[in-house]
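Participant: here's my sequence, what's the structure:
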Amino acid sequence: MHLYTRGEKPEVSNPVVAWAAQTGRGLLFFNKKGETEQTRPHSVLPLYEASDLKKVSPHEVSFDIAGQKHTLKAASDVERDGWYVSLERAIEMGKAEKESIRGSEGYQAEMEKMSKLYASAA
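Facilitator: Residues are numbered from 1 along each chain as shown. Okay, the predicted model is just below:
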């Protein structure tokens, strides 16, 4: 898998990559404003760890992950409201599946494979 969470330490990025190897549900893949390359996301946020989802004016939605606030700015309140509903569903779905995904053999195998890669690189 060629998904990287840029700038993240292995203890943060490895669980996200292992999760993505099992399912895309509960993850937010994104590009920075103005980037047009849609086939490779800039980064990914683990929505299954998100809290404090709220609508913010003007046209923004925000949430926290591991104490870091993330804000998305839409073009309109209507667009923002649509994002809010989608994020709310993704967060709920991710949280509901968190235990089963992290307990799956595939997830555990990915975590072990990545820990070996980082250990050999160090």
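Participant: helices or strands up against the longest helix along the chain?
Facilitator: The longest helix of the chain (DSSP state H) is helix 77-102. When contacts are defined as 3 or more C-beta pairs under 8 Å, 6 or more residues apart in numbering; DSSP states H and E, helix 77-102 packs onto helix 10-22, strand 27-30, strand 50-56, strand 60-65. Yep, even glycine has a C-beta here, placed from its N, CA and C like the rest.
Participant: and the ones you listed: which comes nearest residue 91?
Facilitator: strand 50-56 (4.9 Å; C-beta to C-beta).
Participant: packing partners of that closest one?
Facilitator: Packing contacts for strand 50-56, counted by 3+ C-beta pairs under 8 Å, 6+ apart, involve strand 60-65, helix 77-102.
Participant: give me phi/psi at residue 67?
Facilitator: With angles defined as degrees, to the nearest 10, residue 67 sits at phi 80, psi 0.
Participant: begin at 3 from now on, thanks
Facilitator: Renumbered: residue one is now 3, and that last one reads residue 69.
Participant: and the gap between it and residue 48?
Facilitator: 13 Å (C-beta to C-beta, to the nearest Å).
Participant: who has more neighbours out of the two?
Facilitator: More crowded of residue 69 and residue 48, by other C-beta atoms under 10 Å: residue 48, with 21 against 6.
Participant: pretty sure that one contacts residue 19?
Facilitator: No: Residue 48 is beyond contact range of residue 19, at 10.3 Å (criterion: C-beta atoms under 8 Å).
Participant: closest to the centroid, which residue in the chain?
Facilitator: Nearest to the geometric centre of the chain sits residue 47, at 2.2 Å (C-alpha atoms, centre = their mean).
Participant: alright, I will stop here.
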